[in-house]
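Asks: Structure, please.
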Amino acid sequence: MKILIVEDDPGMVELLSKILSKHDLIIAGDGREAISKFSQEKPDLVLMDIELPYIDGVSATREIRKLNPNAKIIAVTAFGVQRGKEILREGAIDVIVKPFKVKDLLNKIDRVLKI
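Replies: Numbering: from 1, shown residues only. Got it, this is the predicted structure:
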C-alpha cells in the first residue's frame, strides 16, 4: 500500500515512518509538495497535517480532492478540535489528534481503507 505522509515536523515523520514501515511511503513537507506528490504518485491514503508551510492541510486537502474526489485522507493534527471540522468539510474522511495511540492510528487507517 502506498501512503503519502504530509508533515513538516521531522520527528513526527520519523515516528509515522516507523509505525507504517511495511507500506510504501512518500513524504511531503508542505501543502504544495503534497499536491504535487499526490498527483504524481497516486497514493492509496494520505495522512495530512493541518498546520503546514506554504499551503495548509485544509487547502491541500481541497486541491487533492479536486484531483481525485475519491482520495482517502486522514488528518493527523494537534489542532483537531479547532480545525478538524474544517478539514472534514474539505473532504478528509477522519481526524486523529496528536498525540495519538499507535493502535488508534492503525485502526483508523484500516477503517478508511475499507471504505
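Asks: how about the lowest-mean-pLDDT helix or strand in the chain: buried residues?
Replies: Taking mean pLDDT, DSSP states H and E as the measure, the chain has helix 80-89 as its least confident helix or strand, at a mean of 87. For helix 80-89, a neighbour-count test (16 or more other C-beta atoms under 10 Å) marks G80, R83, G84, E86, I87, L88 as buried. All C-beta spots, glycine's among them, are computed from the backbone N, C-alpha and C.
Asks: Can you name the element that comes right after it?
Replies: strand 94-97 (DSSP states H and E).
Asks: List the buried residues of that following strand.
Replies: Neighbour-count burial for strand 94-97, with 16+ other C-beta under 10 Å as criterion, is recorded at D94, V95, I96.
Asks: what's the second one in contact with, if anything?
Replies: For V95, the contact set (C-beta atoms under 8 Å, 6 or more residues apart in numbering) comprises I74, A75, V76, T77, G80, G84, I87, L88.
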